[in-house]
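Asker: Next come a sequence and a model predicted from it.
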There are 2 protein chains.
Amino acid sequence: MSVGIRHDDLRRRNRAMVISAVRRAGQPSRTEIAATTALSHSTISAISSDLIQEGILTEIKASETVSMKRGRPQVGLSLNPEAAAVLAVVLSLNFLSVAVIDYAGQVVAEEQRRLDTLTMSRDELIGECVAIVRRRLEDPDLDVQSVARIALAIQGITDSHARAMLWSPITPQTNIAFADILEREFGIPAIMENDCNMMAVALRWRDPDRYRDDFIAILLSHGIGMGLVLKGELFTGTHSSGGEFGHMIHRPGGALCRCGRRGCVEAYAGNYAIWRNARQLSENAEPVADVSDAEMRALAAQARQTDGPEREAYRKAGEALGFGLGSLFALIDPAPVAMVGASAAAFDLIEPALREAIAQTAGGQHSGSISFDTEPNELPLIREGCAMRALSFVDQEIFAPGIQARAGSVGKNVA
Amino acid sequence: MSVGIRHDDLRRRNRAMVISAVRRAGQPSRTEIAATTALSHSTISAISSDLIQEGILTEIKASETVSMKRGRPQVGLSLNPEAAAVLAVVLSLNFLSVAVIDYAGQVVAEEQRRLDTLTMSRDELIGECVAIVRRRLEDPDLDVQSVARIALAIQGITDSHARAMLWSPITPQTNIAFADILEREFGIPAIMENDCNMMAVALRWRDPDRYRDDFIAILLSHGIGMGLVLKGELFTGTHSSGGEFGHMIHRPGGALCRCGRRGCVEAYAGNYAIWRNARQLSENAEPVADVSDAEMRALAAQARQTDGPEREAYRKAGEALGFGLGSLFALIDPAPVAMVGASAAAFDLIEPALREAIAQTAGGQHSGSISFDTEPNELPLIREGCAMRALSFVDQEIFAPGIQARAGSVGKNVA
DNA sequence: TCTATTTTTTTCGAGCCTCGAAAAAATACT
DNA sequence: AGTATTTTTTCGAGGCTCGAAAAAAATAGA
């Protein structure tokens, strides 16, 4: 049951408000913050002076701003990059990357590695993740003290508490509690997130005008993933990261899916499915482990050139995605969609059949208003989402409570 | 963007907390409220004495409780039934009902009417609703002053702001802003809700142990509806009431649905679909307008007796519901399900195929833990949900802000 | 150059709110 | 009747936000 609001919560919440206003706006003045938060100028003044004293915010040099206006010039506030740092780790098929991001959101260091995730043992997989994090933390340029959070995104299903990977297509291993492992290893709070959810988080930061309260990010890749934001909140399942759009049923008893079941959307629209149909193999043919981006590009080129099995394969993919989206729209109503991933570059081949299918569904009522955007490069998006998630945690959970709340009641405000 | 918390919000929220604790617990003592809200005894004491003085809560006579314990006996607090009243109006196929409910949740008056909703004009439909409400409000036994809210539930799609019916199977009319109409007519705040959503709200109140944070209520009736609670919140679409489970696509291009499209779950599992399949009509046959409960019972009886087309019809219904639920579970993960409505009495015929279908889907991973409950009578549930929704509004929007906030700053607390 | 004007930011006192401790109240036990 | 126990109220302290006024810092104009 929800809990009453205590008096100290008030300050904490309003501090969080101010911090997130600065994170969103970049360099807002105190007056602007007062306007967006609807708090009084006095309150904003008090809170921001605390935050500056604690080294969380900094004032922008007056000389850097040209006012052009009469009156006392506004002083911009910005996040102090040195206030903290976070690590964003992204684990996907045969690929592991880590980035160190400062409190202002800038990447200050990164490292990438190719792995053979499909054949690695459980311990090897964990070992690689731990090792890549350790190497970053041991970087002499980095003040390890300030690393406040590690966020790890993985292609696959995670649990709803953001602690563990439950299942993933990139490895036969299951139930790896990456968050707990990293936390134990380094003593830094860690979370484990689903890659598509992080894409959605990133899209919201990148283009808040288009991706605000309700939108869908679909990853078109070897498999099909989805990140969903509803009413401004990231949607997750009751037990897991949820939103397994790729495993909604398109045709009961239909094509064989990588997950072992039949008729999933992914079994028609995943790269392996497009490849399988383009090669005119049986729907029962075992899904191949990987199709290279180059090969997919060749398929798409061929499909654009002649009306052969390649074009039909993309048509089937569009149909599956369309009926899947139609069913999804029946539940949540239509919302803007971002198509992300290499196959988003072939969206021209997918879109006609997709729209035709949607038009045959309940969601198709507003099919005119449904708009698609494409973004072929998922990796930067996932990393960005990870970073923002970790930074938001630092904002809300570490800096918003304030020194006194964090340290118990060791000392009052610095005089 | 979210707004900062002001000082007066604090009291409002904590008052709301206390009121809802009393509504949930029935007759909690101040000590119990302090425990569930995590507020201090002093705060609870102050707030509850205000609420009693304002006539929102009442103390229970000490003589009515047997303490058996040492120490000062607890004094139970309860909602004052006379603090307010609400109207719950339910409009379904050929049927209109209204109930007057006091602030403590007891039905104090009701009226029901048979109508021919399918053939009525727009004005007739509106007129009947207005008239039935007017008759209740003109009841001399009722203190009209105290009617604080009207909640109207309809079988069909409503908009996400709870103002209007957008589309309904019970009438050819569309876009009727019932909430605005009633509000204008009687000067009482009104809301328009989806019937299945109200079922879900009611289930949560009836059995909070089973239906707490995540669950699904499915209406098996002429059509198929769903109410969904996720993370303790009623799920709605981005534009409409959403959750149109019945119009998720079961088989692309499949059986003709009442909505005019093809392959919807409802086109296999709605009463008209079961009837159509049992009569061995074509899947393209126009859905009949209504099948009587008696006729459905006869079909079910026949299906139980011999393995003929009737049994096959129920099997197909189960399969459609199963694959639909499977797709839903792919998105939200499994959750307890309540099957509501007359056809829930035939769930024994539906369940085997349903479970078999779910097992073939991504949601089937935990298929053992998926449990179904049946409740054949939807009407009381819908009315109960309506009433609770209206009462919650009174709690949160009228009583929580308090007299001074409501009346501007006309007077301070009564001395 | 100096003064008036404008806008931003800080300061200060007032008014609430919650909290903890202690007191008061109301019952059962001995 | 007196004591122990539990619930509820009272009271002062400490925080927080707010509005008004003051201070600060620039531009515009004379």
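Answerer: Thanks, I have the structure now. Computed from a predicted structure; not experimentally measured.
Asker: what's the burial count for A:E32?
Answerer: As a burial measure, A:E32 scores 17 neighbours (other C-beta atoms under 10 Å in any protein chain shown). For glycine as for every other residue, the C-beta is placed from the backbone atoms N, C-alpha and C.
Asker: Check A:F186 too.
Answerer: By other C-beta under 10 Å, neighbour count at A:F186 equals 17.
Asker: Could you give the backbone dihedrals for the nearest residue to A:Q280 once chain neighbours are set aside?
Answerer: Sequence neighbours aside, A:P309 is the residue nearest to A:Q280 in space, at 5.0 Å (criterion: C-beta to C-beta, 6 or more residues apart in numbering or on different chains). Backbone torsions of A:P309, given as degrees, to the nearest 10, read phi -60, psi -30.
Asker: distance of A:P309 from B:A345?
Answerer: 50 Å (C-beta to C-beta, to the nearest Å).
Asker: These two: which is more packed in?
Answerer: Comparing A:P309 with B:A345 by neighbour count (other C-beta under 10 Å), the higher total belongs to B:A345, at 18 against 15.
Asker: Helix, strand, or coil at that one?
Answerer: Judged by DSSP: H, G, I helix; E, B strand; the rest coil, the three-state class of B:A345 is helix.
Asker: wouldn't it be in contact with B:A301 here?
Answerer: No - using C-beta atoms under 8 Å, B:A345 is not in contact with B:A301, being 10.7 Å away.
Asker: show me the residues around the residue nearest to A:Q280 that make contact.
Answerer: Going by C-beta atoms under 8 Å, 6 or more residues apart in numbering or on different chains, A:P309 touches A:N277, A:A278, A:R279, A:Q280.
Asker: now swap in A:A46 and tell me
Answerer: Neighbours of A:A46 in contact, by C-beta under 8 Å, 6+ apart: none.
Asker: Can you say which helix or strand has it in it?
Answerer: Element membership for A:A46 (DSSP states H and E) is helix A:41-53.
Asker: packing partners for the very next helix or strand once past that helix?
Answerer: Using DSSP H and E, the helix or strand that follows helix A:41-53 towards the C-terminus is strand A:57-59. Applying 3 or more C-beta pairs under 8 Å, 6 or more residues apart in numbering or on different chains; DSSP states H and E, we find strand A:57-59 packed against helix A:41-53, strand A:77-79.
Asker: Serialize the ones you listed to JSON lines and add fields for mean pLDDT.
Answerer: Shown next, in JSON lines, are the helices and strands packed on strand A:57-59 (pLDDT from 0 to 100):
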{"stretch": "helix A:41-53", "mean pLDDT": "96"}
{"stretch": "strand A:77-79", "mean pLDDT": "96"}
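Asker: between those, which gets nearest to DNA strand D?
Answerer: Proximity to DNA strand D (C-beta to the nearest atom of the strand) singles out helix A:41-53 among the helices and strands packed on strand A:57-59, at 3.1 Å.
Asker: hang on, A:I216 is in a strand, isn't it?
Answerer: Yes - counting by three-state DSSP, A:I216 is found in a strand.
Asker: all strands of the stretch 151-300 of chain A, in order?
Answerer: Taking DSSP state E, counting those that start in this stretch as the test, the strands found in the stretch 151-300 of chain A are A:157-158, A:165-167, A:190-194, A:215-220, A:224-230, A:233-234.
Asker: Quick one, which of those gets closest to chain B.
Answerer: Evaluated with C-beta to the nearest C-beta, these place strand A:224-230 nearest to chain B, the distance being 7.0 Å.
Asker: Is there proximity between the closest one and chain B?
Answerer: Yes - on the criterion C-beta under 8 Å from any C-beta of the partner chain, strand A:224-230 is in touch with chain B at A:L230.
Asker: Relative to that strand, what are the paired strands and their orientations?
Answerer: Strand A:224-230 has these partner strands in its sheet, going by DSSP bridges: strand A:215-220 (antiparallel), strand A:233-234 (antiparallel).
Asker: right, so these: which one is the most enclosed?
Answerer: strand A:215-220 (a mean of 27; mean count of other C-beta atoms under 10 Å in any protein chain shown).
Asker: Now that strand - C-alpha only, CSV.
Answerer: Extracted in CSV, the C-alpha atoms of strand A:215-220 (Å, rounded to 0.1, in the frame of the first residue of the first chain):
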residue,chain,number,x,y,z
PHE,A,215,5.2,5.7,-28.4
ILE,A,216,6.6,2.4,-29.6
ALA,A,217,10.2,1.5,-30.5
ILE,A,218,10.5,-1.6,-32.6
LEU,A,219,13.9,-3.3,-33.2
LEU,A,220,14.0,-4.9,-36.6
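Asker: could you give the mean pLDDT of that strand?
Answerer: The pLDDT scores in strand A:215-220 average 97.
Asker: One more: stretch A:92-112?
Answerer: Throughout stretch A:92-112, pLDDT has a mean value of 95.
Asker: Pull out the buried positions in it.
Answerer: A:92-93, A:96-105, A:109 (16 or more other C-beta atoms under 10 Å in any protein chain shown).
Asker: try stretch A:229-249
Answerer: By neighbour count on 16+ other C-beta under 10 Å, the buried set for stretch A:229-249 is A:229-230, A:234-249.
Asker: And that stretch, end to end?
Answerer: End-to-end distance of stretch A:229-249: 22 Å, with C-alpha to C-alpha, to the nearest Å as the criterion.
Asker: Stretch A:237-250 now?
Answerer: So stretch A:237-250: terminal residues 20 Å apart, C-alpha to C-alpha.
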